[in-house]
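Visitor: Here is a sequence together with a model predicted from it:
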Number of protein chains: 2
Amino acid sequence: MSVKVKFETDPSRYRHWKLETARDRARLTMKVDEAGGLSPGYALKLNSYDLAVDIELADAVTRLRFEHPSVSVVTIDSALDGMFCAGANIFMLAHADHGFKVNFCKFTNETRLAIEDATANSGQRYVAALNGTCSGGGYELALACEQIVLVDDRRSAVSLPEIAYLGVLPGTGGLIRLVDKRKVRRDLADVFATLAEGVRGERAVKWGLVDAVAPRSRFNEAVAERVAALVDSKRAGRAGVTLDALAPAASETEVRYRHLTLRLDCTQRLAELIIEGPASVGPKDVPAIPAEAAALGADFYPLRLFREIDDALLRLRFNYPEIGLVLIKSAGDLDRVAELDRAMWERRGDWFIHETLLMMKRVLKRLDLTAKSFFAIVEPGSCFAGSIFELALAADRIYMKSGADAHIATGVLNAGAFPMGNGLSRLSTRFIGDPARAAALATGGTFDAEAALEAGLVTAAPDELDWEEELRLAISERLSLSPDALTGMEASIRFAGPETMETRIFGRLSAWQNWIFQRPNAIGEHGALKLYGQPESPQFDYRRT
Amino acid sequence: MSVKVKFETDPSRYRHWKLETARDRARLTMKVDEAGGLSPGYALKLNSYDLAVDIELADAVTRLRFEHPSVSVVTIDSALDGMFCAGANIFMLAHADHGFKVNFCKFTNETRLAIEDATANSGQRYVAALNGTCSGGGYELALACEQIVLVDDRRSAVSLPEIAYLGVLPGTGGLIRLVDKRKVRRDLADVFATLAEGVRGERAVKWGLVDAVAPRSRFNEAVAERVAALVDSKRAGRAGVTLDALAPAASETEVRYRHLTLRLDCTQRLAELIIEGPASVGPKDVPAIPAEAAALGADFYPLRLFREIDDALLRLRFNYPEIGLVLIKSAGDLDRVAELDRAMWERRGDWFIHETLLMMKRVLKRLDLTAKSFFAIVEPGSCFAGSIFELALAADRIYMKSGADAHIATGVLNAGAFPMGNGLSRLSTRFIGDPARAAALATGGTFDAEAALEAGLVTAAPDELDWEEELRLAISERLSLSPDALTGMEASIRFAGPETMETRIFGRLSAWQNWIFQRPNAIGEHGALKLYGQPESPQFDYRRT
């Protein structure tokens, strides 16, 4: 997988999905182009998917929110006859390296969570219309939808055949969504998840695996009835905002976006994310948000910046596995960021501002879940205030130069506008033992290095004499440590406090899957994943661990 | 590790700990016998430990509750000068196979949780008196104590050097207890967990790593003051119950206890746990619980039975890795179990009954966390009522013979007497989406197979014609599946609902550690764990996953 993956696409370029919208509803139809996989060597038969397919799905889910805000129900179906989706392509998985498999599962999980976020927070509700068999990742996609309707034709079933056929887990949230979201009884979940052929018809309804079944003759009607019951026609007047291409200028050592530069030093295994603050004609003169905020368009600074950060994080994950540490830097006017944050918060009732805040939230979560170390670096001229300081709060450590004219500021958007996967703000997570302090800091304030250190907002505040040396040491020490131990450590300490379905997917299910993805029983010469589709049967080392 | 491990010991046989009790307080002193390891090939220097050391600790923690119920504070210290504990022995870890490492970490975690359970529920509070350096698993033992006092001698530090030295995680709950229990700020936890030399003195207090420091001259006094403030002298009149040896008769195919038989078919990879119900002189005539329940002694049926189950589970984990599926069976009088449960519940205010219920709770949790599949088998003559039915509720599936005279019964002890690690009863976890049903079933009732199936209490109820064949198929199917995928699946679906520090330790931290324990960066030829103590430096594949 040494080819660099690109994450930007748009509906005119989709090879695997068809997106149709009609005022208040949309239809997203899966018709995977067998030859359209990301890499050569496998055919995407039977609506099986690889990363290329999921990049398009993620794009569609995002565009539906910004470009089609009048849509309140999205139906996902398949263009194939009798087959909704066969799940992730096994031949792709069997030949991918470990890091790619793990990152692929993580990205597909994030896409499913984006569907649930749209349902919960944007009023865009998803219905899975399973017009045929729905296996593995296909059923996991259905699980992400609010409702699941399955055709009852004595043949089409929902199934999670991963354990039986491949010796791995349904790793896109399947097991967790079964028991945590759909609240399937644990012994039935056990039977279902070990039953290769799956469950169909009324039994699928009774076990809670789907919401309804309908015979083929009534299937479209049954789906349409459910869609009609969910539609919210009050949104119909909203005009969408087209998301233009980010089209960064990329070289070996740099990816340059409009407000962001990603610098790459692959030899040192070090990257920098350098954020440029919001520009303006004069000091502290942030352009007012118009009555219809959507008139700001895709150029709106926070939307553009966070879309750029999202793209940069995905590139870091997939295209630069050797990068171990990312320094987050910023340059700009602190007050201007704070003012823009305040303006957004005042107008959060506007759909476009609301969507922009949700986009920022998702990008921050993507950062929380990126298996790289992050250090935020605060120097004179930095603009780590509010929403941009939130990126620092997402970092593993924050270094701030003392005795210099460096400042940080907390503000209204640090108070809960961007909940982490655990449901808490980053300030609340940071001060999990001291909620009063978290609340006090969230009311806003500007801090020099000494005050920030005292308040617990930064990790260390070396003075000008020590700054270079202390940073150099911290960086080289971090880069010397086992990358696996760091990944496990970060996954354990970034998410103090409550767990949610979301954190359980990444913290519990993914961790077990990663373990299984390393085991000879899956990927060894005689492993089940390796031998899938071959005449030979897998041979297991049956010792239980 | 093909030698069979024995888990029974008593203070007269301890090689690594000294247990002293004086009325209301106890002292547990670590003085590890270098030559007393479980296996040859490593010396337990500097109070480093292996499974043999932890088996004694677990024994001491249990005996303190039953044999020394007047004790309200336990101080843990070390007999070495300037060294509290160096943590798990690295040479042992580096040479152990994967399954042993994982089971070792699980057992040590359970022992730490037993300390916390004694503190929370038995009024036996633990103080860690760190009279010297305290590293890795040593600090993790301290983290399990309610209070930690560290000597301030400009030398002694607490540390988690696993990441820096070994490329693995502090896997005995360390990272989770740092942020979830002691609520150490996440960036400070990040610094601490990557700092091999650790943190000492006032900084350790300020970061929340210890509760107090004291100079060597005042150390004993400072510890004594804290102990005195915690002591509860009201317990002083309690006479303890000596836990006699279980001393089962063990052969190649069977371990026979008084109320339990563990049958082993290693060729089929199948075991059976067969429980004999409480005996009695006449029908439904359960001996009354005397005014001082402790007079019942260690022969008290539920105490003896659950101690036997605990021992059998540990043998299954460590000594029979090839066993994949355990059938839980029972034979006895349903009503007698229910009557005994009711009698216990009425007398739960008595310390001995209380301790017995807590022991049963811990054993049930041990079952939840055992990486084997469990099917409960209910046939005519079974006595799956209340506390014994709870074992079936802990199983992955329950098969009940229909059309025969088989019954199960829920009762007062299913209503929350035995919370799982997630804090919920097994009935509440089972019906996570239907709390009303869980509550209704917890009020008690007797069910034949049809009623049990209808109520959702059993997974399947084949009739007499199908029983043999259906069971045979379910067993052979289970035994054919990838043992790794089953372990990951069971870890994901056994624990629906809320997460706690405890479930995070096993679900999140352990899962990541298991992954790391498989990685070449830890255990490969050039891995950090493998090369520890050698002149050669580890070589990492730095690609982040």
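Guide: Nice, thanks for sending it over.

Visitor: Look up phi and psi at A:Thr21.
Guide: The phi/psi pair for A:Thr21 (degrees, to the nearest 10) reads phi -130, psi 150.

Visitor: you'd agree it is up against A:Arg63?
Guide: No. Judged on C-beta atoms under 8 Å, A:Thr21 makes no contact with A:Arg63 at a distance of 9.7 Å. C-beta: built from backbone N, CA, C; applies to glycine.

Visitor: all strands of the stretch 1-150 of chain A, in order?
Guide: Along the stretch 1-150 of chain A, counting by DSSP state E, counting those that start in this stretch, strands occupy A:17-22, A:25-30, A:48-49, A:73-78, A:82-85, A:87-88, A:125-130, A:132-135, A:147-151.

Visitor: Please tell me I have it right and A:Ala222 contacts A:Ala212.
Guide: Yes. The criterion here is C-beta under 8 Å, and A:Ala222 meets it with A:Ala212 at 6.4 Å.

Visitor: what touches both of these two?
Guide: A:Val149 (C-beta atoms under 8 Å, 6 or more residues apart in numbering or on different chains).

Visitor: Apart from its neighbours in sequence, what residue is nearest the residue in the stretch 151-300 of chain A positioned nearest to chain B?
Guide: Nearest residue of the stretch 151-300 of chain A to chain B, counting by C-beta to the nearest C-beta: A:Lys183, 2.8 Å away. Of all residues not flanking A:Lys183 in the chain, B:Gly433 sits nearest, at 2.8 Å (C-beta to C-beta, 6 or more residues apart in numbering or on different chains).

Visitor: count of neighbours near the one you found?
Guide: For B:Gly433, the count of nearby residues is 17 (other C-beta atoms under 10 Å in any protein chain shown).

Visitor: what does A:Ala279 give?
Guide: A:Ala279: 12 neighbours (other C-beta under 10 Å).

Visitor: Next one, pLDDT for it please.
Guide: A:Ala279 is assigned a predicted lDDT (pLDDT) of 81.

Visitor: How about A:Ala129?
Guide: pLDDT, A:Ala129: 98.

Visitor: repeat for the one 4 residues further on
Guide: As predicted, A:Thr133 sits at a pLDDT of 97.

Visitor: The one 3 residues further on too?
Guide: At A:Gly136, the predicted lDDT confidence score is 97.

Visitor: which residues touch the residue lying closest to it once chain neighbours are set aside?
Guide: Spatially, and ignoring its direct neighbours in sequence, A:Gly136 is nearest to A:Gly87 (2.7 Å; C-beta to C-beta, 6+ apart). The neighbours of A:Gly87, taking C-beta under 8 Å, 6+ apart as the test, are A:48-49, A:135-140, A:161-162.

Visitor: Please name the bridge partners of A:Gly87.
Guide: Beta-bridge pairing for A:Gly87 (DSSP bridges): A:Ser48.

Visitor: Hmm, A:Trp103 is touching A:Phe318, no?
Guide: Quick fix: residue A:103 reads Asn, not Trp. Yes. Using C-beta under 8 Å, A:Asn103 is in contact with A:Phe318, at 5.7 Å.

Visitor: hmm, back to that, quick one, which of the contacts of A:Gly87 are buried?
Guide: Taking 16 or more other C-beta atoms under 10 Å in any protein chain shown as the criterion, what is buried in the contacts of A:Gly87 is A:48-49, A:135-140, A:161-162.

Visitor: now, which of those lie within helices?
Guide: A:137-140 (DSSP state H).

Visitor: circling back: quick one: which of the contacts of A:Gly87 is nearest chain B?
Guide: Among these, A:Glu162 lies closest to chain B (C-beta to the nearest C-beta), at 7.3 Å.

Visitor: Quick one: low-confidence residue ranges for chain A.
Guide: Within chain A, the set of residues satisfying pLDDT under 70 comprises A:1-2, A:280-285.

Visitor: Nearest the middle, which residue of it would you pick?
Guide: Nearest to the centroid of the C-alpha atoms of chain A, with distances taken as C-alpha atoms, centre = their mean, sits A:Glu110, at 3.1 Å.

Visitor: Quick one: residues contacting that residue.
Guide: A:Glu110 sits next to A:58, A:362, A:365-366, A:369 when contact means C-beta under 8 Å, 6+ apart.

Visitor: ok, now A:Ala189?
Guide: Here A:Ala189 is in contact with A:175, A:178-179, B:493 (C-beta under 8 Å, 6+ apart).

Visitor: Which ones among the residues you listed map onto helices?
Guide: Per DSSP H, helices hold the following members of the contacts of A:Ala189: A:175, B:493.

Visitor: Which of the contacts of A:Ala189 sits closest to A:Met489?
Guide: A:Met489 has its nearest neighbour among the contacts of A:Ala189 in A:Leu175, at 24.4 Å by C-beta to C-beta.

Visitor: Next, count neighbours for that closest one.
Guide: A:Leu175 is flanked by 32 other residues according to other C-beta under 10 Å.

Visitor: With adjacent residues omitted, what lies nearest to it?
Guide: The shortest distance from A:Leu175 to any non-neighbouring residue, by C-beta to C-beta, 6+ apart, is to B:Ser492 (4.1 Å).

Visitor: Need the residues that contact stretch A:115-124.
Guide: Contacts to stretch A:115-124, defined as C-beta under 8 Å, 6+ apart, come from residues A:61, A:64-65, A:71-74, A:125-126, A:144-146, A:232, A:235, A:354-355, A:358, A:362.

Visitor: try stretch A:455-469
Guide: With contacts defined as C-beta under 8 Å, 6+ apart, stretch A:455-469 is touched by A:378, A:397-404, A:408, A:410, A:430-431, A:437, A:441, A:447, A:449-450, A:452-453, A:470-471, A:474, B:185, B:187-188, B:190-191.

Visitor: buried stuff in that stretch?
Guide: By neighbour count on 16+ other C-beta under 10 Å, the buried set for stretch A:455-469 is A:455-462, A:467.

Visitor: Check stretch A:108-123 too.
Guide: For stretch A:108-123, a neighbour-count test (16+ other C-beta under 10 Å) marks A:108-119, A:122-123 as buried.

Visitor: what about the helices in the stretch 51-200 of chain A?
Guide: Assigned by DSSP state H, counting those that start in this stretch, the helices in the stretch 51-200 of chain A fall at A:51-67, A:90-95, A:98-121, A:137-143, A:174-176, A:186-193.

Visitor: got a markdown table for the contacts of A:Ala189, with distance to B:Ala96 too?
Guide: Below are the contacts of A:Ala189 laid out as a markdown table (distance: C-beta to C-beta, whole Å):
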| residue | distance to B:Ala96 |
| --- | --- |
| A:Leu175 | 29 |
| A:Leu178 | 34 |
| A:Val179 | 33 |
| B:Ile493 | 29 |
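
Visitor: if I pick A:Ser78, what's in contact with it?
Guide: Listed by C-beta under 8 Å, 6+ apart, the contact set of A:Ser78 reads A:29-31, A:47, A:84-85, A:131-132.

Visitor: Buried among the residues you listed? Make that a ChimeraX selection.
Guide: In ChimeraX, this line selects whichever of those come out buried by 16+ other C-beta under 10 Å:
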select /A:29,30,47,84,85,131,132
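
Visitor: Which of the contacts of A:Ser78 sits closest to B:Arg519?
Guide: Nearest to B:Arg519 among these, with distances taken as C-beta to C-beta, is A:Cys85, at 32.3 Å.

Visitor: Tell me the residues of the stretch 51-200 of chain A that contact chain B?
Guide: Residues of the stretch 51-200 of chain A that fall close to chain B, judged by C-beta under 8 Å from any C-beta of the partner chain: A:98-99, A:102-103, A:162-164, A:166-169, A:175-176, A:178-180, A:182-183, A:185-191, A:193-194.

Visitor: of the residues you listed, buried ones?
Guide: Among these, the ones that count as buried by 16+ other C-beta under 10 Å are A:99, A:102-103, A:162-164, A:166-169, A:175-176, A:178-180, A:182-183, A:185-191, A:193-194.

Visitor: Alright, calling it a day.
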